[in-house]
Structures are given as structure tokens and as C-alpha cells.
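Q: build the 3D model from these lines:
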Amino acid sequence: MPLRSGARITDAYVVEVVTDDALSPENDFPGELSAVEELVSPVPVLAPEVWQLARAVADRAAGVASDVLRLAVPTRQVRPEKAWLERDRDHVPPRVTAAVVEGYGDAVIESVIDAGGRAAVSAIPHPVLLSAPAPAPTPTPVVVDGADASDSTDTPAPAPAPEPEPTWVPGWAATLAQAAAHTLAGERSAVIAVPDFRDVTDLERALLVLVPAERVVRFDAKQTNGQRARALLTARTHPVVAIGSRAAVYAPASDLGLIALWDDGDPSFAEQRAPYVHTRDVALVRTAQSGAALLMVSHARSTDVQRLVELGWLQEVGPHRARVPKVVPTAHQTNADGYAAQARIPSSAWRAAREASHDGPVLVQVSNPGFGTGLVCTECGERAHCRVCGGPLGSPHAGSTPQCRFCGALAAGYRCPTCGNGKLKPVGQGAQRTADELGRAFPDTRIVVADGSRPIDEVPARPAVVVATRGAEPDVAGGYACVLLLDGERMLAREGLRVQEDVLRIWANAAAKGAPGAPVYLVGIGGKLANAMALWRLDVPAHDELTDRRELFFPPAVRVATLTGTDEAVTGAIEALGDAPVGPVLGPVPVDDPTPGTVRAIVRFPYGHGTEVAATLKAEVIRRSSTRRVVKGGAKRRAAPALRVRMDDAEPFSEV
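A: Now for the predicted structure:
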């Protein structure tokens, strides 16, 4: 449709059609309306519920709905649209047998789903052998005049479909797959969002045991636009289970009955594009709009979910008589090893790993990839940094050319700027260096390294030592025979508001990959976190952390808005809030930005006043954007915005 002078044509969505009689005088546009230039496609790619969701999410985040729709609707694809228009409309997808969500008592999660309830679910902390539910009993044939009624037709009975083989899947994936199958059996759709592609694969593998492949559609970053378009149209046609990463939460759904998130505290759920809405917040908005049930599944609960639990908005649901991991904090052990007990891998953990390696794979989780965590000069001990970006240099393998961990630039011929020495030595122990040391200690055992550069989805259930960085741990059918969690002190030493809950989540997810009853050694960590892991009471740290946040007036106890721009614009936006009930404003303070003179301020406010604050700040952004002028110079471009607003921004509170 044409905009402004008519010289600019843009694509648009039709969200409502009204007649002239339906236009009220107060809503009638006084100017001249532009005619629609062309109907691009009759296919309704934007579902009404997705439009309502995009509008509400944008208003909550002080953004615009078009930015949300970029995430929800792929670019137009002609072939999938033609195939959808020519589909067999009489085709009935295979029905789904209702599944029982095992491990949680008598139909606890099923009752939450059926009632459209909301629950924070503690995941089963070990792999599960998932089997297809038993088929419904076949009705007894009716005999009429001595003949089987089934003989009254010449049409042969269809052959029963082969049952899927039992499959080992993570406990959380089994729970979500069974919940989705229960929802789908009632001819209602389910939408499930998970952090990354490994989780999508695990969840899909679990679903295909319970649900026909035709009833499962994926929405993730690895798909082409054509695949996303086909998935979107399939989801609009009949009830399905829509799974994927962040984009899945926007999937259209025929009669939505369930929304679920796995591990909502994972940073992958933080959207990096405007309006920067976290997947958890989108799920909360959609649940309120649709009335669908909501399941927040995790091992270690985020403080955001803990807040909703303490408000009574989410019901707590935990496994019934679950076999929790046997976590052994080595810092709590008393033995005669002396200083050896303070080694990177204490003797007790060594012995357990050696014994377990005869029966199956052993998982060793480390904090960093590469050979070492950094490089220093052999003469003066100065830390080596990249000449290009200033980032730290590292060594992927022993004897390899130093490489920047930030930009990837090679540092061949590096010389120390302090003393001029050209020799470097590694400090710390990354995944590769740990693997080399374990290879010498376990000479007859296979050593496997899994990290971001060498992703491995699964390893066989036979003796091996798997060294993996956090989040890259491969799956094992039946689980690992032993788990060692190393470098805990280094992981906790980072600065940031969410460091503790992130590290606890990383430990818990790795521990849950162990077989039922397998020992898990938490090395070098004591105190409350170690006690929580040992007792598997992972809600206690979340409660304590939230209590501290309330006293400090920090998120998620309150909502925040980050204002970035010129000092005059940021100050003006704060003044525009007027009498709004905002807390003490942090800043403005100067920040690193390509535009000189950029400052940032953080506004904190109660959840109940989010609509008011978001509307005021959005109006300020629009007012200042409308007065931007073209920058002088050869290329005609507008000046950078004087004010940028980001709601619920975690960056100022993250690692520094």
C-alpha cells in the first residue's frame, strides 16, 4: 500500500475490515485514505491471536508492533502458500492417545492443563526411558445372525501403525512431551519454547514417541523462511505441538491449550532485537490473553519464576518420590588428604570417576573452552591482549597460534608490550588442557571434548570421559555413570546480578544428565549453594536471592527501563514521567557508545504501573524521533535517535 506521497510502497497486514456504516464519527479518519495498491496473497499468515499478542507485547515494552511481527511472521513464501491453498481440506490428522504425565503423582499436571492453570514444575532430575502409551482397547465385534459385523464390508481393516521404540530422553523432555500429548488428545494445540537447538532435538525425540510426526511443527533459527512458512500455516490448520526456540512462543495455534517453557532462566531466551522482549514475558502475556495453561519447567528456578510462585500466581509442582542426584560437595568432606583435598579434582572425585569409567561414560564439566583460560608473558607475567580489539588472547590447543577470544584475530609473532618477550604460557585450564591431563590419568579410556567449536549431541553409553563446557554436555542413553562439576569458584567470581542463579542452573542441568543414583561431585564449593545442591532444594537460593533483590529494589522485584541517549533527552524523559511512582533513578552516567556524549539512566518502578511508564516513555521516543533531521554530508541519512528506551533490560545488571 502507498504511504505519504504515494511514491513509497510497503507491505502490510490486514487486521480488520469494516464498512462505512461501522465507522463512528469519533473514529472516522478526517483525511484522505490511500487505496490498497495490490492484494499480495489471500493466505492469512497473521492469525488474529498473534496480532493481539504482538500489540500487547509491544505496548508492554514501549515498542512498536511491527518489530514484534518481524519475529512472529516470516517473509512471504509463495510455494508454501500455494501448497496450503491446494491442500486436502477433508484430510483428518491422526488422533493422539492421551498420555499420563508420569512421576508427578495422580494426574497433577493433567489437572493443571485441563483447568487452564499455571504451574512452576520442578523437572525430573535424570533421564527417562519413554514409551508410547498403550493403545485404546479394541471394541468387541458385534455378531449379527451368526456373522461378524466386520464382514459386512469388503474394505480390509487398516494395519496398525508400528509402535515407536522406547527412547531415552531427559526427564524434562519426557514431562513436556507427555503434557503436550495430553493437550493434543483433547484436540487443543500446545506451544513449547526451549533455549537452543539441542533442547529442540531432545524435545522432538520425546514427542515423536507419543505424537505422530504430522502433529509436530518446529520454529527455530536453523529453519529456512520456507520451512518456517510451512510450519506457520500447518499450525493454523489443525491442532499441533509447536516447538522451537524464542520464535516458537509466537506460533499461531488452533485452539491453544498449553504454553510451556523449559529453563526460562537461560540467557538464550533474551531477545536481541527490538523491542527486546524476553520469551518468558511473551508467554505470560499470551497465557493471560488465551486462557491456556502455562508450565514453567526447570531444575533450578529463576528468580522471576520464584516471584510468581511467592505471589501465588504459579502453583508449585514437583516430582513425586523422585530419585534426586547424589551430590557430594567436596568442600564439605573431611579426610586425611591435606592439601590434596584442595586440588582441582580432589582424590575422592578421582576415585569415583575411575570406578565409574569402567561401567559407562563420566562427565567432567569445565568453565572454559580451549587449552587455557588465558595467556601470559613468560618473563613478566603480563596478560596477553589482542592488538585489534584489546580482548584476551587464548590458545585453542597446545602449541597453537594465540587467538583473540573476542574477535578471533590471530596473534602470530606476538611480543609483550611491557618487556618485549615473545614467549607466552597458558594460565588456567580449559577443556582441551583438562582433556589432555585426564588422558594421561585414564590411559585406556576414550576422551571426548565437547564445546562450542566441537558440538556433540550424544555419546554412546560405553566407558569414556567426556570433558564439556557448560551448556555443551552431550546426552547419554540412560545417563552418565558419574558427573564432576569443576571450576565452580571461577564461574561464581564473575560480576553480575544473575551470576548465582545462572551457575546453579548450569550445575543442576549437568547433574540431571547423570543416571539415577549416579554420584555428582561439586568441587571446591561450600556454603548455601553447596547445601542446596546436596539436598536438591534448588528453590531455596531463588527465594533468598529474591529477598535480597526486594531490599535493594532490583529486578525482578521491580521492573526497570533503561534510557540511553543525549543527556538532555534522557533528563527530559525522566521529567516526563512526572508523578509516576518510580523509584530512585540510577544515573544518568556516561556509557561507551559510537555517539559522543551518550549517557544512560535506569528507571525502576512497580509492576502495577508498567503500562503507564511504558506509554509515557514511548511517547517521548516518538516525539523526539519525529524531530530528527537529515545529517549533513554526502549520504542522506537521519541522525541517530536522541533517546532509546529498553524495558526490562538485563544488560546493566549483567557481567561487567
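
Q: which positions in stretch 306-321 come out as buried?
A: 306-309, 314, 317, 319 (16 or more other Cβ atoms under 10 Å). Yep, even glycine has a C-beta here, placed from its N, CA and C like the rest.

Q: give me the element residue 41 is part of.
A: Take DSSP states H and E as the rule and residue 41 turns out to sit in neither a helix nor a strand.

Q: so, low pLDDT: which residues of the chain?
A: 1-7, 20-29, 134-162, 334-343, 372-373, 398, 428, 627-640, 654-656 (pLDDT under 70).

Q: that older thread, between all of the buried residues of stretch 306-321, which two are separated the most?
A: 307 and 319 (22.6 Å; Cβ to Cβ).

Q: from the buried residues of stretch 306-321, pick the one nearest residue 653.
A: Among those, and counting by Cβ to Cβ, the member closest to residue 653 is residue 307, at 15.4 Å.

Q: does the closest residue to that closest one other than its chain neighbours count as helix, strand or coil?
A: Closest residue to residue 307 apart from its sequence neighbours, by Cβ to Cβ, 6 or more residues apart in numbering: residue 556 at 5.2 Å. Assigned by DSSP: H, G, I helix; E, B strand; the rest coil, the conformation of residue 556 is coil.

Q: residue 556 is in contact with residue 301, isn't it?
A: No: using Cβ atoms under 8 Å, residue 556 makes no contact with residue 301, being 11.9 Å away.

Q: rewinding a little: and the residue nearest to residue 307, how many neighbours?
A: 23 (other Cβ atoms under 10 Å).

Q: got the contact list for it?
A: Neighbour list for residue 556: 303-304, 307, 546, 549 [criterion: Cβ atoms under 8 Å, 6 or more residues apart in numbering].

Q: farthest-apart pair in those residues, please.
A: Going by Cβ to Cβ, the pair spanning the contacts of residue 556 furthest: 304 and 549, at 10.3 Å.

Q: and those two? Which one has more around it.
A: More crowded of residue 304 and residue 549, by other Cβ under 10 Å: residue 304, with 21 against 18.

Q: surely that one touches residue 280?
A: Yes: counting by Cβ under 8 Å, residue 280 is a contact partner of residue 304 at 6.2 Å.

Q: identify the contacts common to these two.
A: residue 264.

Q: quick one on the thing from earlier: nearest to residue 374, of the buried residues of stretch 306-321?
A: Distances from residue 374 to the buried residues of stretch 306-321, taken by Cβ to Cβ, are shortest for residue 306, at 35.1 Å.

Q: if I look at the closest residue to the closest one other than its chain neighbours, how far off is residue 440?
A: Nearest residue to residue 306 in three dimensions, chain neighbours excluded: residue 542, at 4.0 Å (Cβ to Cβ, 6+ apart). Plainly put, residue 542 is 40 Å away from residue 440 if you go by Cβ to Cβ, to the nearest Å.

Q: these two - which one has more neighbours?
A: Each of residue 542 and residue 440 has its neighbours counted (other Cβ under 10 Å); residue 542 has more, 27 against 8.

Q: OK, contacts around the more buried one?
A: Per Cβ under 8 Å, 6+ apart, neighbours of residue 542: 300-303, 305-306, 501.

Q: ok, and the most crowded of those residues?
A: Going by other Cβ under 10 Å, residue 301 tops the contacts of residue 542 with 29 neighbours.

Q: how close does the residue nearest in space to the middle of the chain sit to residue 541?
A: For the chain, the residue nearest the mean C-alpha position is residue 195 (2.7 Å; Cα atoms, centre = their mean). To residue 541, residue 195 is 20 Å away according to Cβ to Cβ.

Q: using the three-state scheme, assign the residue nearest to residue 306.
A: helix.

Q: same question for residue 568.
A: Of the three states, residue 568 takes helix under three-state DSSP.

Q: likewise for residue 583?
A: coil.

Q: and residue 182, that one's in a strand?
A: No: using three-state DSSP, the assignment for residue 182 is helix, not a strand.

Q: so it makes contact with residue 108?
A: No: assessed by Cβ under 8 Å, residue 182 is found out of contact with residue 108, at 11.8 Å.

Q: these two: which is more packed in?
A: When neighbours are counted by other Cβ under 10 Å, residue 182 comes out ahead of the other of residue 182 and residue 108, with 26 against 17.

Q: quick one: contacts for that one?
A: 98-101, 109-110, 113.

Q: nearest to residue 326, of these?
A: Using Cβ to Cβ, residue 101 comes nearest to residue 326 of the contacts of residue 182, at 25.0 Å.

Q: quick one: that closest one is in a helix?
A: No: counting by three-state DSSP, residue 101 is not found in a helix; it is coil.

Q: list the contacts of it.
A: Per Cβ under 8 Å, 6+ apart, neighbours of residue 101: 107-110, 175, 178-179, 182.

Q: farthest pair within those?
A: 107 and 175 (13.5 Å).

Q: so which of these two has more stuff around it?
A: Neighbour count, other Cβ under 10 Å: between residue 107 and residue 175, residue 175 has more, with 29 against 13.

Q: check which helix or strand the more buried one maps to.
A: Applying DSSP H and E, one finds residue 175 within helix 171-185.

Q: ok, residue 508 touching residue 533?
A: Yes: counting by Cβ under 8 Å, residue 508 touches residue 533, with 7.4 Å between them.

Q: which residues in the stretch 351-500 of the chain form strands?
A: For the stretch 351-500 of the chain, the strands defined by DSSP state E, counting those that start in this stretch occupy 361-366, 374-377, 393-394, 403-404, 424-427, 447-450, 464-469, 482-485.

Q: as TSV, those with distance to residue 491 and mean neighbour count would be great.
A: TSV is the format used below for these (distance: least, Cβ to Cβ, whole Å; neighbours: other Cβ atoms under 10 Å):
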stretch	distance to residue 491	mean neighbour count
strand 361-366	10	28
strand 374-377	15	21
strand 393-394	17	24
strand 403-404	22	20
strand 424-427	17	16
strand 447-450	17	20
strand 464-469	11	24
strand 482-485	9	29
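
Q: coming back round to it: any idea how far residue 263 is from the residue nearest to the centre of the chain?
A: 6 Å.

Q: wait, what's in contact with the nearest residue to residue 253 once chain neighbours are set aside?
A: With sequence-adjacent residues excluded and distances taken as Cβ to Cβ, 6+ apart, residue 253 is closest to residue 189, at 3.7 Å. Applying Cβ under 8 Å, 6+ apart to residue 189 gives the contacts 183, 235, 239-242, 253-258.

Q: do the same with residue 510
A: Residue 510 neighbours (Cβ under 8 Å, 6+ apart): 363, 365, 470, 473, 483, 485.

Q: helices of the stretch 351-500 of the chain, start to end?
A: 431-441, 488-492, 499-511 (DSSP state H, counting those that start in this stretch).

Q: how about those helices, which one is nearest residue 222?
A: helix 499-511 (21.4 Å).

Q: buried set for that closest one?
A: Neighbour-count burial for helix 499-511 [16+ other Cβ under 10 Å]: 500-511.

Q: quick one, that helix and helix 171-185 angle?
A: Interaxial angle, helix 499-511 versus helix 171-185 (axes from the mean of the first three to the mean of the last three Cα atoms, to 10 degrees): 80 degrees.

Q: let me know the angle separating helix 499-511 from strand 361-366.
A: Using the same axes, to 10 degrees: helix 499-511 against strand 361-366 is 170 degrees.

Q: extract the C-alpha set from whichever helix or strand comes after helix 499-511 and format it as PDB.
A: Using DSSP H and E, the helix or strand that directly follows helix 499-511 along the chain is strand 519-522. Listed next in PDB are the C-alpha coordinates belonging to strand 519-522 (Å, rounded to 0.1, in the frame of the first residue of the first chain):
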ATOM      1  CA  PRO A 519      27.400 -39.600  42.100                       C
ATOM      2  CA  VAL A 520      27.800 -35.900  41.300                       C
ATOM      3  CA  TYR A 521      30.900 -34.200  42.700                       C
ATOM      4  CA  LEU A 522      30.700 -30.400  43.200                       C
END
